[in-house]
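Participant: The sequence and its predicted three-dimensional model are supplied below.
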Amino acid sequence: DLGRLDRLVDPAGAAAGVVGAGGLAGALYLAGIPVSLAAAAGAILGVFLASAIKYTDEWEKAVVLRMGRYRGLRGPGYFTIVPILDRVAYTIDQRIRTTAFGAESCLTRDTVPVNVDAIAFWIVRDAERAALEVQDYDEAVILSAQTALRDAIGKHDLAELIQSRIELGHGLKVALEQKMANWGIQVQSVEIRDVIIPAALEDAMSRQAQAERERQARIILGTAETEIAHKFVEAADA
């Protein structure tokens, strides 16, 4: 991870290496070994000590491998490894993450093409599973969320998608949790941000809604005129 290259030689590791190098060089010099050889040996020891000290931030876990085999998680804070044999494969961020995803030109149950945008809030609960069970859990979350969203769109009518966004988000959360349980990932929530329909259909729905309102207005007006006429008849009889 290029973003972690600064940790290969951190300040504490460099300081330990300098101290170790100076101590070894002095001891070798006192033992009668030439200064050049003592300095070279001290430099090698300094590099060795500096590469043995690593650290991670408060919200991270480091995945340590020894000759390719999983050795465990380290951090947060400073920790040591065995140079040459051990390496930090990568670090896992355990803060809550947000992933935006969408589905374009999907057909609803009543065959209406829609574009839906959503966002998922998730967190890595089990860093060991996330490291060993899935190669790229970020990409896996996005692809799984898109697949679940497309499946949910095909099971709902357009009216349900527009009016029941909270229920649709909850259904997506349950579906994603079932799929990601073995990956050590927990889905906090899924929210539907927007449901976009074709412009022609939107215009037709607007005209339909306007016609419906006009029909209701005419019915109310006719009912009122009928009641007024009945009142006049009653008045005439009186």
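Facilitator: Okay, I see it. Numbers count the residues shown, from 1 in each chain.
Participant: Please make it C-alpha for all contacts and neighbour counts, starting now.
Facilitator: OK.
Participant: Tell me which stretches of this structure form helices.
Facilitator: Remark: helices assigned in the chain by DSSP state H are 11-30, 35-52, 127-132, 137-154, 158-163, 165-180, 199-237.
Participant: now the second one: mean pLDDT?
Facilitator: For helix 35-52, mean pLDDT rounds to 70.
Participant: Pick out the shakiest of the helices of the chain, pLDDT-wise.
Facilitator: For the helices of the chain, mean pLDDT drops lowest on helix 11-30, to a mean of 46.
Participant: hang on, residue 66 packs against residue 86?
Facilitator: Yes: counting by Cα atoms under 8 Å, residue 66 touches residue 86, with 4.3 Å between them.
Participant: Count the neighbours of residue 167 for me.
Facilitator: Residue 167: 14 surrounding residues under other Cα atoms under 10 Å.
Participant: try residue 108
Facilitator: Residues lying near residue 108 (other Cα under 10 Å) number 21.
Participant: neighbours of the residue nearest to it when sequence neighbours are not counted, just the number please.
Facilitator: Spatial nearest neighbour of residue 108, excluding adjacent residues (Cα to Cα, 6 or more residues apart in numbering): residue 154 at 4.6 Å. Other residues near residue 154 come to 16 when the count uses other Cα under 10 Å.
Participant: got a list of what residue 154 touches?
Facilitator: By Cα atoms under 8 Å, 6 or more residues apart in numbering, the residues touching residue 154 are 106-109.
Participant: Considering these, which possesses the most neighbours?
Facilitator: Neighbour counts for these (other Cα under 10 Å) peak at residue 108, which has 21 neighbours.
Participant: isn't that one right up against residue 162?
Facilitator: No: using Cα under 8 Å, residue 108 makes no contact with residue 162, being 11.4 Å away.
Participant: contacting residues around residue 183?
Facilitator: Residue 183 touches 126, 129-130, 133-134, 137, counting by Cα under 8 Å, 6+ apart.
Participant: can you count the residues close to the residue nearest to residue 121 when sequence neighbours are not counted?
Facilitator: Counting by Cα to Cα, 6+ apart, residue 121 lies nearest to residue 98, which is 4.7 Å off, once chain neighbours are set aside. For residue 98, the count of nearby residues is 14 (other Cα under 10 Å).
Participant: Settle this for me: residue 98 is touching residue 122, isn't it.
Facilitator: Yes: with contacts counted by Cα under 8 Å, residue 98 reaches residue 122, the gap being 6.5 Å.
Participant: any idea how far the spatially closest residue to residue 91 that is not a sequence neighbour is from residue 87?
Facilitator: Among residues not flanking residue 91 along the chain, residue 62 sits closest, at 4.3 Å (Cα to Cα, 6+ apart). As judged by Cα to Cα, to the nearest Å, residue 62 and residue 87 stand 10 Å apart.
Participant: Name the residues contacting each of these two.
Facilitator: Between them, residue 62 and residue 87 share no contacting residue, judged by Cα under 8 Å, 6+ apart.
Participant: if we can go back for a sec, quick check: the gap between the residue nearest to residue 91 and residue 175.
Facilitator: To residue 175, residue 62 is 29 Å away according to Cα to Cα.
Participant: ok, the two, which is more surrounded?
Facilitator: Using other Cα under 10 Å, the more surrounded residue of residue 62 and residue 175 is residue 62, with 26 against 17.
Participant: For that one, which residues are in contact?
Facilitator: 56, 73-76, 88-92.
Participant: Also residue 158?
Facilitator: The contact partners of residue 158, by Cα under 8 Å, 6+ apart, come to 108-110, 112.
Participant: repeat that for 10 Å
Facilitator: Residue 158 makes contact with 107-114, 164, 195, 197, according to Cα atoms under 10 Å, 6 or more residues apart in numbering.
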